[in-house]
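Participant: My questions concern the predicted model and sequence given below.
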Amino acid sequence: MNGNGWSDIGYAAVIRRSGQVEFGRHFDAVGAHVKGRNYQSVGVCLVGGVDANGKAEFNFTPEQMKSLRVVVAMLVLAYPGAKVLGHRDLSPDLNGDGIVDKTEWVKDCPCFDVKTWFIGGST
């Protein structure tokens with residue numbers, strides 16, 4: 001157990017700055033990455049995403065983005081119909097308008113629109 005009482009890392013995969021992918025929890029195991037959504041999601045973490053002051057910043061390496069595309073593509077094949085989203089997209093809709101906007105994000109990560117990026121848009 002670690003200090004939080006978890007048995008291991010909360011993510012299924014961690015992508016280092018070099019692009020190396022390290023695997024944590026099994027993809028079918030319940031993770032510990034998005035409160036209230038762990039039972040229905042697979043967590044992938046990119047190292048980085050903050051500036052020197054701890055503020056959210058897109059500073060991921062090209063190697064990380066290449067590895068992320070491979071990992072996410074693999075997950076989409078393994079889980080047909082899965083939605084590709086970032087942590088921030090799973091924040092609660094606090095004002096109940098059906099849209100989770102920036103003021104409602106629990107976290108800014110991963111500092112880009114994952115859904116748009118995955119379908120071929122820019123980061």
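Facilitator: Received the coordinates, thanks. Residues are numbered from 1 along each chain as shown.

Participant: Now do the end-to-end distance for stretch 49-61.
Facilitator: Stretch 49-61 has an end-to-end distance of 10 Å (criterion: Cα to Cα, to the nearest Å).

Participant: Residues in contact with it: which ones?
Facilitator: Stretch 49-61 has contacts (Cβ atoms under 8 Å, 6 or more residues apart in numbering) with 17, 18, 19, 46, 48, 68, 108, 109, 110, 111, 112, 123. In short, each C-beta sits where N, CA and C put it, glycine included.

Participant: In strands, which of those residues appear?
Facilitator: Within the contacts of stretch 49-61, membership in strands is found for residue 46, as judged by DSSP state E.

Participant: Can you say which of the contacts of stretch 49-61 are buried?
Facilitator: With burial judged by 16 or more other Cβ atoms under 10 Å, the buried subset of these is 19, 46, 48, 68, 108, 109, 110, 111, 112.

Participant: Report pLDDT for the nearest residue to the fifth one once chain neighbours are set aside.
Facilitator: Closest residue in space to residue 108, ignoring its immediate chain neighbours: residue 56 at 3.5 Å, by Cβ to Cβ, 6 or more residues apart in numbering. Per-residue confidence at residue 56 stands at 86 (pLDDT).

Participant: What's opposite residue 56 in the beta bridge?
Facilitator: Beta-bridge partners for residue 56, by DSSP bridges, are residue 50.

Participant: Against residue 107, how distant is it?
Facilitator: To residue 107, residue 56 is 8 Å away according to Cβ to Cβ, to the nearest Å.

Participant: same for the lengthiest helix in the chain, what does it pack against?
Facilitator: In the chain, assigned by DSSP state H, the helix with the most residues is helix 62-78. In this structure, helix 62-78 packs against strand 13-15, strand 21-23, strand 44-46, with contacts taken as 3 or more Cβ pairs under 8 Å, 6 or more residues apart in numbering; DSSP states H and E.
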